[in-house]
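Colleague: the sequence isn't on hand, but the structure is:
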């Protein structure tokens, strides 16, 4: 069927017979359709109805400004060294100041090892200590390739990837390298040895590492 025939105007005799009115304009057709469709009790002004009708064609959320949502960056290693973040002041290098930290560490290890009873499995305790945090532990250097380190005892005040910083009973801060050194730590009569060469990780990295059981370990 041709488009011109579809859009042709209805003859007047058919309009009277069918009771319809030919409206070529689409809006006029819409007005007539609404007038005939709306109930007589709720009939309103069709022009106002069409004028105030809101039509949402599309919606998109406003984009957030990524520059404002960026978190502030922390200090890098060079800035921390320049600001001396990890350096203890001389007035703070006192053994008695870190005794409360040692008491907290002892309770932390006892809870970590489920009580540290005499019947505790040594391998279970050793595996727990390998992943434990040693800030506050009292350690002793029992073996080392540097003889001057042997016999040094103190509280670990700082642990880095390659060294322990220990405060001794004489209020001296000593830096002991982990490599080529063996440390002993005692908790409630249980003595454990730490081979520093296999312990060269930060505390946060060590907690997620899997350690393999070895028969013999050299310095």
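Modeller: Sure, I can see it. This is a predicted model, so every value here is computed, not measured.
Colleague: what about this protein, any weak spots by pLDDT?
Modeller: Residue ranges of the chain with pLDDT under 70: 1-10, 19-31, 34, 38-59, 65-70, 209-219.
Colleague: try it again at 50.
Modeller: Regions of the chain meeting the criterion pLDDT under 50 cover residues 1-3, 5-6, 41-43.
Colleague: ok, longest helix in it?
Modeller: helix 99-112 (DSSP state H).
Colleague: buried residues in that one?
Modeller: 101, 102, 105, 106, 109 (16 or more other Cβ atoms under 10 Å). (Each C-beta comes from the backbone N, C-alpha and C, glycine too.)
Colleague: rebuild the residues you listed as CSV, extending it with distance to residue 204.
Modeller: Listed next are these as CSV, based on distance: Cβ to Cβ, whole Å:
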residue, distance to residue 204
101, 18
102, 21
105, 16
106, 21
109, 17
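Colleague: spatially central residue in this structure, please.
Modeller: residue 71 (12.7 Å; Cα atoms, centre = their mean).
Colleague: state the distance from that residue to residue 196.
Modeller: Relative to residue 196, residue 71 is positioned 36 Å away (Cβ to Cβ, to the nearest Å).
Colleague: could you do residue 142 as well?
Modeller: Taken as Cβ to Cβ, the span from residue 142 to residue 196 is 11 Å.
Colleague: try residue 132
Modeller: Applying Cβ to Cβ to residue 132 and residue 196 gives a distance of 15 Å.
Colleague: could you do residue 103 as well?
Modeller: Distance of residue 103 to residue 196, given as Cβ to Cβ: 25 Å.
Colleague: ok, residue 90 next?
Modeller: Taking Cβ to Cβ, one finds residue 90 at 27 Å from residue 196.
Colleague: higher neighbour count, those two?
Modeller: residue 196 (21 against 9; other Cβ atoms under 10 Å).
Colleague: would you confirm that the more buried one contacts residue 161?
Modeller: No - here residue 196 does not reach residue 161: they are 11.2 Å apart, not a contact under Cβ atoms under 8 Å.
Colleague: who touches both of the two?
Modeller: By Cβ atoms under 8 Å, 6 or more residues apart in numbering, residue 196 and residue 161 have no common neighbours.
Colleague: quick one on the thing from earlier: for the longest helix of the chain, name the packing helices and strands.
Modeller: Contacts defined by 3 or more Cβ pairs under 8 Å, 6 or more residues apart in numbering; DSSP states H and E place helix 99-112 against helix 122-130, strand 153-159, strand 181-187.
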